[in-house]
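**Q** sequence below, structure please.
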Amino acid sequence: WARWGWIGIYRADPLAALERFERAMTLSQLDPFAFNTRMGMASALACTGRPHEAVAIAKDVTKKHPDVTWAHRLLAAWAAMAGDMATARTSGRKLLTANPNFTVRQYLAIPGFQNMSEYHTQLAQGLREAGVPEG
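**A** Sure, this is the predicted structure:
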């Protein structure tokens with residue numbers, strides 16, 4: 001269900017994705033990789049114009065799982081989209097500490113978001129605002 005949720009994200013169907021992620025969480029509440037499902041839920045929320053809710057989830061995930069550094073990429077962008085520039089910049093710095101060569105150009109090359117051009121553009125702009133270099 002969680003993987004199917006991510007397919008919903010990549011196919012620009014965030015409402016179906018959210019339902020799938022919620023089902024995954026219900027079926028597997030003790031899954032040690034539930035942070036991935038929660039980040040998927042946050043992605044679906046951000047895609048539907050609810051970045052504040054996505055930020056809350058991502059903050060919790062990054063706090064509980066500090067080694068999951070990729071989550072900072074999304075947290076930085078969502079926080080900027082939500083107008084929380086302090087969180088965006090902090091998360092952007094954490095992303096760049098873990099991945100010093102990461103750039104917006106690299107983000108834009110990720111194939112999974114190509115079907116969601118408007119959302120993809122918003123995330124890229126959020127990363128810029130969070131201090132991620134263009135590259």
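**Q** the helices in the protein, which residues?
**A** 2-10, 14-27, 34-47, 51-64, 70-81, 85-98, 104-108, 117-129 (DSSP state H).
**Q** which of the ones you listed sits closest to Gly135?
**A** Gly135 lies closest to helix 104-108 among these, at 3.9 Å (Cβ to Cβ). In short, each C-beta sits where N, CA and C put it, glycine included.
**Q** can you tell me the closest non-neighbouring residue to the residue nearest to the spatial centre of the chain?
**A** Using Cα atoms, centre = their mean, the residue of the chain that lies closest to the mean C-alpha position is Leu74, 3.2 Å off. Closest residue in space to Leu74, ignoring its immediate chain neighbours: Ala58 at 5.9 Å, by Cβ to Cβ, 6 or more residues apart in numbering.
**Q** can you count the residues close to Thr48?
**A** 15 (other Cβ atoms under 10 Å).
**Q** can you check Lys64 too?
**A** Neighbours of Lys64 under the rule other Cβ under 10 Å: 11.
**Q** gap between it and Gly8?
**A** According to Cβ to Cβ, to the nearest Å, Lys64 stands 24 Å off from Gly8.
**Q** point out where the chain drops to low pLDDT.
**A** Along the chain, segments meeting pLDDT under 70 span 113.
**Q** point out the most buried one among the helices of the chain.
**A** Between those, helix 70-81 has the highest mean count of neighbours, a mean of 26, where neighbours are mean count of other Cβ atoms under 10 Å.
**Q** contacting residues around the residue in the chain sticking out farthest from the centre?
**A** Going by Cα atoms, centre = their mean, the residue of the chain most distant from its centre is Leu27, 22.3 Å out. Counting by Cβ atoms under 8 Å, 6 or more residues apart in numbering, Leu27 touches Trp1.
**Q** for Met81, same thing?
**A** Ala46, Pro51, Gln122, Leu123, Gly126.
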